[in-house]
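Asks: this is a predicted model, with the sequence first.
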Amino acid sequence: RERPDSQVPLPDAVQAAGGTAYVSAWGGTFQQAPEVSPTSSCTGDQRVDLRVLAGSSTVYIEWGGHLASAADWPENGAASARAPFGMSAVLQGTLAIRLQVLPNTISR
C-alpha cells in the first residue's frame with residue numbers, strides 16, 4: 001500500500017535541513033511520539049526511541065537519514081569521513097539489527 005498505517009514526524013532535533021522527516025509503519029501503529037536522547041557528547045549522535053504495536057505478522061518500518069553533502073562538511077568532504085553512520089532496530093526479546101555506512105563511503 002502507498003499510505004502507511006501509522007506515521008509520526010521526527011522531532012526538530014533530528015530533522016534534515018529544509019524538510020520534515022517522518023517514520024512510517026505498515027502492519028503496525030506507533031504507540032507514542034518519538035523520544036530523542038543524546039548518546040554521546042557529539043551533537044549529531046542521537047537515539048530516537050519509538051514503540052510500535054504490531055497489527056499483523058509482518059511489520060514494515062521506513063525511515064532514513066541525511067548524511068550530508070560535501071558542502072555541509074567542507075573540511076572532510078562527507079559526514080562519514082571519520083566515523084560510521086548507523087541505524088539500529090531492536091525488537092523486544094530479540095537482538096539488535098544495525099545498518100551502517102562505513103567511514104569514507106561517501107566522499108566528494
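Replies: Yes, it's here. Numbers count the residues shown, from 1 in each chain.
Asks: by contact count, what packs against the one helix or strand in the chain whose mean pLDDT sits lowest?
Replies: Here the helix or strand of the chain ranked lowest by mean pLDDT, DSSP states H and E is strand 85-90, holding a mean of 75. Judged by 3 or more CB pairs under 8 Å, 6 or more residues apart in numbering; DSSP states H and E, strand 85-90 is in contact with strand 96-101. Every residue, glycine included, has its C-beta placed from N, CA and C.
Asks: buried residues in the strand it packs on?
Replies: By neighbour count on 16 or more other CB atoms under 10 Å, the buried set for strand 96-101 is V101.
Asks: got the CA positions of that strand in PDB?
Replies: The C-alpha coordinates for strand 96-101 follow below in PDB (Å, rounded to 0.1, in the frame of the first residue of the first chain):
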ATOM      1  CA  ALA A  96      19.500  -5.500  17.700                       C
ATOM      2  CA  ILE A  97      19.900  -5.200  13.900                       C
ATOM      3  CA  ARG A  98      22.200  -2.500  12.800                       C
ATOM      4  CA  LEU A  99      22.700  -1.000   9.300                       C
ATOM      5  CA  GLN A 100      25.900   1.000   9.000                       C
ATOM      6  CA  VAL A 101      27.700   3.200   6.400                       C
END
